[in-house]
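1. Provided below for reference: sequence and predicted model.
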Amino acid sequence: MTTFVLIGFMGSGKTTIGQYLAHSMEIPFVDTDDEIVNRVGMSIPKIFEHYGEPYFRKVESEVLKSFSKQSCVIATGGGIIELDANRQMLKNDDFLTIWLDTQFDTIMNRLTNDESRPLWNQNVEKRMSLFNSRQPLYDVTSHFSVKVDDRPVEDLVEEIKRYIYSYTTIETERQYDENR
Ligand SMILES: Nc1ncnc2c1ncn2[C@@H]1O[C@H](COP(=O)(O)OP(=O)(O)O)[C@@H](O)[C@H]1O
Ligand SMILES: O=C(O)C1=C[C@@H](OP(=O)(O)O)[C@@H](O)[C@H](O)C1
């Protein structure tokens, strides 16, 4: 059973594309941020304020692990790749991890002064530094990536589905050969 995971910076479209992709594939959609809010019982800014980022990352990692081997599409938070344990988990065969590769300017245009994301609530230099520091982590964690920016969601979902079907076919054939 493969769990399809979308990773990418804040505002790259993980929730938007994830919902559309899950509907198109007729499997459930999961948003790790929503799961975290439900588990902790407060908003993400409040979690950061009251308990700090390390606690948020701990809960985020527990949520990700809880959906392993389930047939669903998971939209993760932009910092899921911060923990090495999450990067290792996302690279293994239980997950098929897709990076929504987006340019910084696109994120700036989309999020403007969004206050729901604590790590976006800082000056542009710090935003850009965080963005740049994470690009190699998304790259090393993902099985494949799609260039997003402002392409139509429908086109992006079709491109992702083509990757998924080719990857799962190759994986099925590999497992078949192994078991012969
Ligand atoms: N392909 C796209 N083209 C234009 N706008 C998009 C696209 N994908 C997402 N958006 C917009 O960008 C913002 C952030 O999208 P969201 O799905 O919440 O990103 P994430 O979950 O990665 O933080 C939303 O306002 C959404 O409508
Ligand atoms: O980049 C990050 O570290 C975060 C991104 C957010 O999710 P989105 O990527 O959906 O904005 C949310 O998980 C939290 O604010 C931390």
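-> Structure's in. What do you need? Ligands and ions are numbered 1, 2, ... in the order given.

2. Show me which residues of this structure sit near ligand 1.
-> 8, 10-16, 75, 110, 148, 150-151, 153, 156 (Cβ under 6 Å from any ligand atom). Quick note: C-beta positions are derived from backbone N, CA and C, even for glycine.

3. quick one: low-confidence parts of this structure?
-> The model of the chain has pLDDT under 70 over residues 171-172.

4. Output the contacting helices and strands for the top helix by length along the chain.
-> Counting by DSSP state H, the longest helix found in the chain is helix 153-179. If you count contacts as 3 or more Cβ pairs under 8 Å, 6 or more residues apart in numbering; DSSP states H and E, helix 153-179 packs onto helix 14-25, strand 95-101, strand 144-147.

5. quick one, that helix and helix 14-25 angle?
-> Interaxial angle of helix 153-179 relative to helix 14-25 (axes from the mean of the first three to the mean of the last three Cα atoms, to 10 degrees): 70 degrees.

6. returning to what we had before: out of the helices and strands packed on helix 153-179, nearest to ligand 2?
-> Minimum separation from ligand 2 across the helices and strands packed on helix 153-179 (Cβ to the nearest ligand atom) falls at helix 14-25, 5.7 Å.

7. So which other helices or strands are in contact with the closest one?
-> strand 3-7, strand 29-31, strand 73-75, helix 153-179.
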